[in-house]
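Student: Give me a 3D structure for the following:
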Amino acid sequence: MKPDENLERVSKVCSAISGQSDLLILPEMFNTGYTMKPHEIPVQWQADTIQTLTSLASRYDLTICGSIPMFKNNSWYNTMVTVSKEGLIHSYDKIHLFTPAGEKEVYAEGNITSAFMLYDLKIQPLICYDLRFPYLTFNHDIADIVIYSANWPVARVSHWKALLAARAIENQCYVIAVNRTGIDENGYEYPGSSTIIDFSGQILQEMDENEGFITEKIIKSEMTLYRKKLPFLNDRKFI
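Tutor: Reported below is the predicted structural model:
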């Protein structure tokens, strides 16, 4: 757990994309690194993280999203926070906890999906394992962008790529997915492979296993036209 170092990395990315981006998305538990020992985390770290992100958002005119361990209601949650220069503007608690890793024994489950607006774009945040459950994005008022913050291992990177494309195609929306790189304290390797996919399933940008960032212009009018030409969403049935 090296929150100071990780937040310094976030600061450098903010500086690098200043003036060319409006939204920055970070990996799952970007401040501490993925942990199954949140009780060892000083609770003050979450407030410090939000404060730092607020300062960066104000300095670089950004909205910043990323997952952090968060203590509330006497439980630990894996929470996707969205921060602007006004502070915390949206949060989402991970609904699907990764049973094989024992997440349910450590974290409390979220129970509701929600979205936030950035300009005229409706953005729905989700976290890692949520990607395997398509009904989370089957909403009557569908999102323009679905974002995923993840710690997805190299062993299942083929699933990562296939599922992200599927979410974009079935919802006719942009999908932006950010995954960590490197090797964790348990020896698990992570492939990066952060990706931006358009409403037709076409990959617009994709990273390799190296740390860095990618940017892309989101054009809502093109997505709207595509949805009109192929109005599959109108035929959805909610059973």
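
Student: Show me the shaky parts of this structure.
Tutor: Residues of the chain meeting the criterion pLDDT under 70: 1.

Student: Show me the strands in it, by range?
Tutor: Applying DSSP state E to the chain gives strands spanning 23-25, 63-72, 75-84, 87-93, 116-118, 121-127, 145-150, 174-179, 181-183, 189-191, 195-197, 203-206.

Student: Export those strands to TSV and append columns for distance to residue 50 and mean neighbour count.
Tutor: From N, CA and C alone the C-beta is placed, and that goes for glycine too. Output for the strands of the chain, formatted as TSV (distance: least, C-beta to C-beta, whole Å; neighbours: other C-beta atoms under 10 Å):
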stretch	distance to residue 50	mean neighbour count
strand 23-25	15	22
strand 63-72	8	23
strand 75-84	6	22
strand 87-93	6	18
strand 116-118	15	16
strand 121-127	15	23
strand 145-150	15	26
strand 174-179	19	26
strand 181-183	24	14
strand 189-191	25	18
strand 195-197	26	24
strand 203-206	28	14
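
Student: what's the closest of these to residue 51?
Tutor: Of all the strands of the chain, it is strand 87-93 that lies closest to residue 51, at 8.5 Å by C-beta to C-beta.

Student: Spatially nearest residue to residue 232, not counting backbone neighbours?
Tutor: What sits nearest to residue 232 in space, not counting adjacent residues and going by C-beta to C-beta, 6 or more residues apart in numbering, is residue 172, at 6.7 Å.

Student: so who does that neighbour touch?
Tutor: Residues in contact with residue 172, defined by C-beta atoms under 8 Å, 6 or more residues apart in numbering, are 142, 199, 200, 223, 226, 227, 230, 232, 233.

Student: which ones are touching the fourth one?
Tutor: Think residue 223. Neighbours of residue 223 in contact, by C-beta under 8 Å, 6+ apart: 144, 172, 173, 174, 198, 199.

Student: Distance to residue 59 added to the residues you listed, as JSON lines?
Tutor: Below are the contacts of residue 223 laid out as JSON lines (distance: C-beta to C-beta, whole Å):
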{"residue": "144", "distance to residue 59": "27"}
{"residue": "172", "distance to residue 59": "35"}
{"residue": "173", "distance to residue 59": "30"}
{"residue": "174", "distance to residue 59": "26"}
{"residue": "198", "distance to residue 59": "30"}
{"residue": "199", "distance to residue 59": "32"}
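
Student: Just the closest of those to residue 215, please.
Tutor: Nearest to residue 215 among the contacts of residue 223: residue 174, at 13.2 Å, using C-beta to C-beta.

Student: hang on, that closest one packs against residue 198?
Tutor: Yes. In this structure, residue 174 is within contact of residue 198 by C-beta atoms under 8 Å, at 5.9 Å.

Student: residues bridging contact with those two, i.e. touching both?
Tutor: In contact with both residue 174 and residue 198: 168, 223, using C-beta under 8 Å, 6+ apart.

Student: Provide the backbone phi and psi angles at residue 202.
Tutor: Note on residue 202: its backbone torsions stand at phi -80, psi 130 [degrees, to the nearest 10].

Student: Run a quick neighbour tally on it.
Tutor: Look at residue 202: counted by other C-beta atoms under 10 Å, it has 11 neighbours.

Student: which ones are touching the nearest residue to residue 111 once chain neighbours are set aside?
Tutor: Take residue 111 and drop its neighbours on the chain: the residue closest to it by C-beta to C-beta, 6+ apart is residue 95, 6.7 Å away. Applying C-beta under 8 Å, 6+ apart, we find residue 95 in contact with 109, 110, 111, 112, 113, 130, 133, 136.

Student: Which one of those sits in the busiest neighbourhood?
Tutor: Highest neighbour count within those: residue 130, with 25 neighbours (other C-beta under 10 Å).

Student: what's the closest of the contacts of residue 223 to residue 60?
Tutor: Among those, residue 174 lies closest to residue 60 (C-beta to C-beta), at 22.0 Å.
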